[in-house]
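> only geometry, no sequence info:
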């Protein structure tokens, strides 16, 4: 870890903890080593600096829209973090290859299948790029959700700290067996992953995936004895 990397991360972590009350205790459940696809929801800009700085010293990176580098300051910061520029709205295979290289190096790759910020915190429909990453790498997936950050701007206006909650679920792998990975199957797998996120969120944040009774787990495999996220927290918010 370079001195500049340490200074920047420490400063950002302190700033985020000044403006937010970050509940990060569950991040202790993130495995300390080995490749991992961290699958998360995407509300606004707050998650990236909070997640990145609070997971240190565990190596972690993720995708960011290529337009981010149009801003020299943001581009420099994301280069420092090793972020991977991705072209939205198309199959960016160069970005996928870089993501696979990150996993091959045993690092964490953070992925937001929604592809864009929701703003209000409600889950949007997931896109199947995460399926490609999981299938080609064989890396386990770990659902991590956030909520509370959607009120940041309003709270800042009233000089209030924002409660930023982080919940870490049970990890799993994909098991497609002999299935033909058609567009429909890839979307079903994506939806199964997204329902794992929805199960960790309060009801009002589940959005597109509000009906947990419609969830399937046909292509998900949990470790022996582990309960899926759909069964793990059934009464946490209800």
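Perfect, thanks for sending it. No experiment lies behind these values; they were computed from the predicted model shown. Residues are numbered from 1 along each chain as shown.
> now the strands for this structure?
20-23, 36-40, 60-65, 84-86, 108-111, 141-147, 162-168, 172-174, 220-222 (DSSP state E).
> residues in contact with the residue positioned nearest the centre of the chain?
Centroid check for the chain by CA atoms, centre = their mean gives residue 40 as the closest residue, at 2.3 Å. Taking CB atoms under 8 Å, 6 or more residues apart in numbering, we find residue 40 in contact with 47, 51, 110, 111, 112, 143, 144, 145, 146, 197. All C-beta spots, glycine's among them, are computed from the backbone N, C-alpha and C.
> next, the buried residues of stretch 207-219.
The neighbour-count criterion (16 or more other CB atoms under 10 Å) identifies 207, 209, 215, 217, 219 as the buried residues of stretch 207-219.
> same question, stretch 28-48
30, 35-44, 46-48.
> and which of those is nearest residue 9?
Among those, residue 48 lies closest to residue 9 (CB to CB), at 12.2 Å.
> now, among the buried residues of stretch 28-48, which is nearest to residue 56?
Once CB to CB is applied, the member of these that ends up nearest residue 56 is residue 30, at 11.4 Å.
> give me the pLDDT for the closest one.
We have a pLDDT of 96 for residue 30.
> ok, now residue 87?
In this prediction residue 87 is given a pLDDT of 89.
> burial of the residue lying closest to it once chain neighbours are set aside, as a residue count?
Once flanking residues are discounted, residue 87 sits nearest to residue 66: 5.5 Å by CB to CB, 6 or more residues apart in numbering. Residue 66: 14 surrounding residues under other CB atoms under 10 Å.
> so how far is residue 143 from residue 66?
Using CB to CB, to the nearest Å, one gets 26 Å for the distance from residue 66 to residue 143.
> any idea what the residue nearest to the centre of the chain is bridged to?
residue 144 (DSSP bridges).
> of the buried residues of stretch 28-48, which is the nearest to residue 134?
Nearest to residue 134 among the buried residues of stretch 28-48 is residue 37, at 5.9 Å by CB to CB.
> where does this protein have low pLDDT?
1, 224-226, 232-238 (pLDDT under 70).
> now the farthest one out in it, which residue is it?
residue 158 (28.9 Å).
> tally up the residues packed near the residue nearest to residue 132 when sequence neighbours are not counted, please.
Leaving aside its chain neighbours, residue 132 sits nearest to residue 96 (6.0 Å; criterion: CB to CB, 6+ apart). Neighbourhood size, residue 96 [other CB under 10 Å]: 17.
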